[in-house]
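Novice: Structure of the sequence below:
(3 chains)
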Amino acid sequence: MSAITEASQSSVLDVVRRALGRRNTLSPAPLEPFVEPVIRIEVRELVERFIDEATAVRAQVRRVPDNHKLVEKIVEISAAQPGEVAMSGAELFREIDLPGELAAHGLSTFIANQPDHEQLVATLANCSVGVTAADFAIAETGTIVLSSDEPNALLVSLLPPVHIALVRSEQMIGTIDEAIRKTGGEKVGRTDPTRSVTMVTGPSRTSDVELVLSIGVHGPKELHVIILE
Amino acid sequence: MALPNPNLTQRSHAALENDVLQGALKRATDTFIERRREAITSVADWEALRQRARLVKEHTINHLDYYLEQLVTRVEAHGGKVFWARTGEDVSKYIIDLARVRGVKSVVKGKSMATEEIELNHALEAAGVRSVETDLGEYIIQLAHEKPSHIIVPAIHKTRAQIADLFEEKLREGRPNEVAEITAMARRRLRNEFLSAEMGITGANFAIAETGSIVLVENEGNIRLSTQVPKIHVAVVGIEKVIPRFDDLSVFLRLLPRSGTGQKQTAYVSFLNGARQPKTESGFEFHLVLMDNGRTRILADEQMRESLYCIRCGACLNVCPVYQKIGGQAYGWIYPGPIGAVISPQLQSLKQSGDLPFASSLCGACRDACPVAINLPDMLLALRAKAKESDIGSRPAERAAMRGVAFVARHPKLFALSGSLMRVFARLLVRDGRIKSAPLSPLSDWTNYRDLPAPGGPSFRKRWKQKDMK
Amino acid sequence: MRVALFITCLVDQMFPDVGEAMVATLRRLGVEVSFNDAQTCCGQVAFNTGYRPEARSMAEHFIRVFESDRSEFIVAPSGSCTAMVRNFYGELFHRPEDREWRERLARVKPKLREFSEFIVNELGVEDVGASFAHRVTYHDACHLLRELGISDQPRRLIRSVRNLNLIEMEAADTCCGFGGTFSVKYGEISNAIMQEKLARIEKSGAEYVIANDSSCLMQIAGGLSRTGSRVKTMHLAELLAKRV
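Specialist: Below you'll find the model as predicted:
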């Protein structure tokens, strides 16, 4: 690394202080919190609202009443794709024996819990489907929230062209500001500070060409959300 | 009257003569305006959000030292490295050195105005590091060797046919005839890049001081790939991007997508905290490069400080009658529209882009559209005053004329007399009750495009006296 | 009710008929009108072009002219000139040593009203007894709309004119492209913006386009004339002075 001294490193901060007319950093009184003028979504409406919003952004949403139907749906979606089905290291998949169930239908699976990052990426890049659970979901925008708590969920939900996300109806929350408080609150209080979070709203898209919508750019072309009630 | 900068005039002229561009601009700005209007209806109190966002930015910028210190402390505590870059060269040098030490041969880049500002790709290429833009719009303009024409959709000035031609020529995989084919071709090509690059470089939409997080908003997934696949992630972030607390984010997450693309939420929002540290592997690095590059100059000027509140949404571009006609490239740099006219002369210099603030009718539509309620017209007026006061921008003949006008305006009888003279002169030019052409500038600059009504005579003040209107 | 006229240099020198119409309308509404012929120009052009010292000297003259006036209101037939005094004069006297000027300005500023704002907000009148059997459309001048927040009052006044048909054009609130010296410094861009406005005016099917600002009207009229259009422009004051 080139020789960059402490002194020159903090010179930007010095310039900032000088620009603000002071020599030493001043601690401000914190801003008052802000109560967002949002219409709260009733608990009983959360799932309906989620489905409306997610569908509007081209996610395909299904509701299932039990694990059996859940597996059925995953198999159904996966069977329509040619290659391997990858899944994150979520506990849920072990509980419902998803690899076994998929294998029983002649589908090849890959559990993404490899230590070697490059190998993991290469394998996932050749899978057709990625299955993850979710931390929670946001009804206001039809968003599912994934984090690095779920082993390799962020890559499994990104590299294969089809992403299936499983969320329980109890995991639904109402609004963006609630989601932020949940994400941030947990983040600040947690002992593992390097948690990454990704909010996913529909499949990948662009309007860069003539503002014409095109689905499936670099991220998944299809997003399937299965809600377990 | 002195001539405006011929370059801006020439570039505007070229833009106005370009029918394809005119069509693209109209389609794009009309669409964005409609989508934004629609998106705002899904918010209970848009104005309250705007005012709150402005307040947060104002507070943060006024205490930028405190919040930057907090940000750095937290990022470093999470295993990230922070580099303070005073200039663009500092940024490029840091990244090139890092690439050299780590054996990085190619880089995948997420869309970042901050890196365009400093021409990072150019520096990387010169140092033998391949840098590929992965946002579709940026990829297109990189292939075309052009500058972006819009903050959100950089290639919006191109038609699908033009892009198809470009891809055919540069990628040599046949001609993609539909938009879907263009996208598919880019996906295929860039997927290889993501999988082989050793480093991902992005900007950041927000940097949260309280938690040491950076927040990245996108639709394509290229930023997720750039930050999750290569082991080294470098984020180049302007110092003004910091916000105090995680909770402060939700207001911006409501405002930004709606203002930028008319979406309630973009496809992906990533929150990254320091280095990825899986228990079984090492080699993951996160570098936060905090860039000044002229921002402290803006910070030091209390009148101009609110220029730093900008969250780069592009809403002001879409509603600007000037942008709607000349498009982004005519502005001559990378920041177009009202915000471009405000920050370019400050980040560059008055000499380089001091003409931009004058190329505005001061209609104020930008201020209404801005999600952070920046008083853009006031900023433009302030820059105009600075331009006239500086040695660079001053025009002695124009100033003399203004002084003359001011002198006359302080002497009512002289004012009345000069008015009468003006009417006498004007009458010489009147044909069929109007003035269609005039020999001298600035009158000829007017009559080039429109008629001038014959001045009504006598003046009001004369009528008041003569007709005894008292 | 006594008002002092802030006639504006443009109306005084270029469009004096507007001034006469304004006086006639106000008198018909029982308002006493005075005109101090020491007034000249508010300095907007100098300010907008970046010449603050020159603008300031003109502002000082303005304040001198109007500070001793005993009228209850100062009324102007222009949104941009009203906005100059109301919103921007303060910036010309912002230094600590300008305290005295700020106080003098404070005696003048609160009295200032734009013409339509005065009639509707202060007189409480919408129907001035005018009559004009034509199709008209209304253009929202930018400073009037965005600096002063006035868009409802002119429309109320227009709608109350007998036999008149008010047609809203598309995007009435978009700029006409004038912008002061911008119109000549960047004439080609100004013209391109103007063409959009002219197209919307023609599309509305109106015979007249009304606005409260002579600067916009000068631009629009100049453009309509150049294209050989049959649409005419008219200042709101002239419209309100029309009778059967």
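
Novice: going forward, measure contacts and count neighbours with C-alpha atoms only.
Specialist: OK.

Novice: what about the spatially most central residue of chain C, distance to B:Arg50?
Specialist: Among the residues of chain C, C:Ser78 comes closest to the average C-alpha position under Cα atoms, centre = their mean, at 1.5 Å. Between C:Ser78 and B:Arg50 the computed distance is 30 Å (Cα to Cα, to the nearest Å).

Novice: tell me the SS of the residue nearest to C:His143 when sequence neighbours are not counted?
Specialist: Excluding its sequence neighbours, the residue lying closest to C:His143 (Cα to Cα, 6 or more residues apart in numbering or on different chains) is C:Ser80, at 5.1 Å. Here C:Ser80 is helix, with the state taken from DSSP: H, G, I helix; E, B strand; the rest coil.

Novice: could you pull out the strands for chain A?
Specialist: A:60-64, A:85-87, A:109-111, A:129-132, A:136-138, A:143-147, A:162-168, A:172-173, A:197-200, A:205-206, A:214-215, A:222-228 (DSSP state E).

Novice: Ok, which of the ones you listed comes nearest chain C?
Specialist: For these, proximity to chain C was assessed by Cα to the nearest Cα; strand A:205-206 is nearest, at 28.7 Å.

Novice: Adjacent strands (with direction) for the closest one?
Specialist: Next to strand A:205-206 in the sheet, as set by DSSP bridges, lie strand A:214-215 (antiparallel).

Novice: So what touches the partner strand?
Specialist: A:203-207, A:221, B:179-180, B:183 (Cα atoms under 8 Å, 6 or more residues apart in numbering or on different chains).

Novice: What mean pLDDT does that strand get?
Specialist: Strand A:214-215 carries an average pLDDT of 96.

Novice: and what of stretch A:68-77?
Specialist: 95.

Novice: Equivalent analysis for stretch B:455-462, please.
Specialist: For stretch B:455-462, the mean per-residue pLDDT is 91.

Novice: any bit of it sitting next to chain C?
Specialist: Yes - Stretch B:455-462 lies within reach of chain C by Cα under 8 Å from any Cα of the partner chain, at B:455-461.

Novice: for stretch B:410-420, same thing?
Specialist: Yes - judged by Cα under 8 Å from any Cα, stretch B:410-420 and chain C are in contact via B:410-412, B:415, B:419.

Novice: how about that stretch as PDB, C-alpha atoms only?
Specialist: Output of stretch B:410-420 as PDB, limited to C-alpha atoms (Å, rounded to 0.1, in the frame of the first residue of the first chain):
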ATOM      1  CA  ARG B 410     -32.400  56.400 -10.000                       C
ATOM      2  CA  HIS B 411     -33.400  59.500 -12.000                       C
ATOM      3  CA  PRO B 412     -37.000  59.400 -13.000                       C
ATOM      4  CA  LYS B 413     -36.900  62.200 -15.500                       C
ATOM      5  CA  LEU B 414     -33.900  60.500 -17.200                       C
ATOM      6  CA  PHE B 415     -35.900  57.300 -17.100                       C
ATOM      7  CA  ALA B 416     -38.800  58.900 -18.800                       C
ATOM      8  CA  LEU B 417     -36.600  60.400 -21.400                       C
ATOM      9  CA  SER B 418     -34.800  57.200 -22.300                       C
ATOM     10  CA  GLY B 419     -38.100  55.500 -22.600                       C
ATOM     11  CA  SER B 420     -39.200  58.100 -25.100                       C
END
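
Novice: Going by neighbour count, list what's buried in it.
Specialist: Neighbour-count burial for stretch B:410-420, with 16 or more other Cα atoms under 10 Å in any protein chain shown as criterion, is recorded at B:410, B:412, B:415-416, B:418-420.

Novice: Which neighbouring elements make contact with the longest helix along chain C?
Specialist: When chain C is parsed with DSSP state H, its longest helix is helix C:187-204. On a contact count with 3 or more Cα pairs under 8 Å, 6 or more residues apart in numbering or on different chains; DSSP states H and E, helix C:187-204 meets helix B:6-17, helix B:321-326, helix C:182-185, helix C:214-226.

Novice: Can I get the last one as CSV, trimmed to CA atoms?
Specialist: This file holds the C-alpha atoms of helix C:214-226, laid out as CSV (Å, rounded to 0.1, in the frame of the first residue of the first chain):
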residue,chain,number,x,y,z
SER,C,214,-46.4,41.3,-19.3
SER,C,215,-43.0,39.6,-19.7
CYS,C,216,-44.6,36.3,-20.4
LEU,C,217,-47.2,38.0,-22.6
MET,C,218,-44.4,39.7,-24.6
GLN,C,219,-42.8,36.3,-25.3
ILE,C,220,-46.0,34.5,-26.1
ALA,C,221,-47.4,37.4,-28.2
GLY,C,222,-44.1,37.6,-30.1
GLY,C,223,-44.2,33.9,-30.8
LEU,C,224,-47.9,33.8,-31.8
SER,C,225,-47.3,36.7,-34.1
ARG,C,226,-44.3,35.1,-35.7
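
Novice: Give me the buried positions along that helix.
Specialist: Per 16+ other Cα under 10 Å, helix C:214-226 contains these buried residues: C:214-226.

Novice: Pick out the residue in the stretch 101-250 of chain B sitting closest to chain A.
Specialist: For the stretch 101-250 of chain B, Cα to the nearest Cα, closest residue to chain A: B:Gly221, 4.5 Å.

Novice: How many residues are close by that residue?
Specialist: 27 (other Cα atoms under 10 Å in any protein chain shown).

Novice: Over to B:Ala426?
Specialist: B:Ala426: 17 neighbours (other Cα under 10 Å).

Novice: ok, now B:Glu210?
Specialist: Neighbours around B:Glu210, by other Cα under 10 Å: 22.

Novice: Please apply the same query to A:Gln119.
Specialist: Neighbour tally, A:Gln119, other Cα under 10 Å: 11.

Novice: repeat for the one 5 residues further on
Specialist: By the other Cα under 10 Å criterion, the neighbourhood of A:Leu124 contains 25 residues.

Novice: Before we move on, what's the pLDDT of it?
Specialist: Reading off the model, A:Leu124 has pLDDT 97.

Novice: Would you confirm that it contacts A:Val162?
Specialist: No - with contact defined as Cα atoms under 8 Å, A:Leu124 does not reach A:Val162; the gap is 11.4 Å.

Novice: Right, I'll leave it there.
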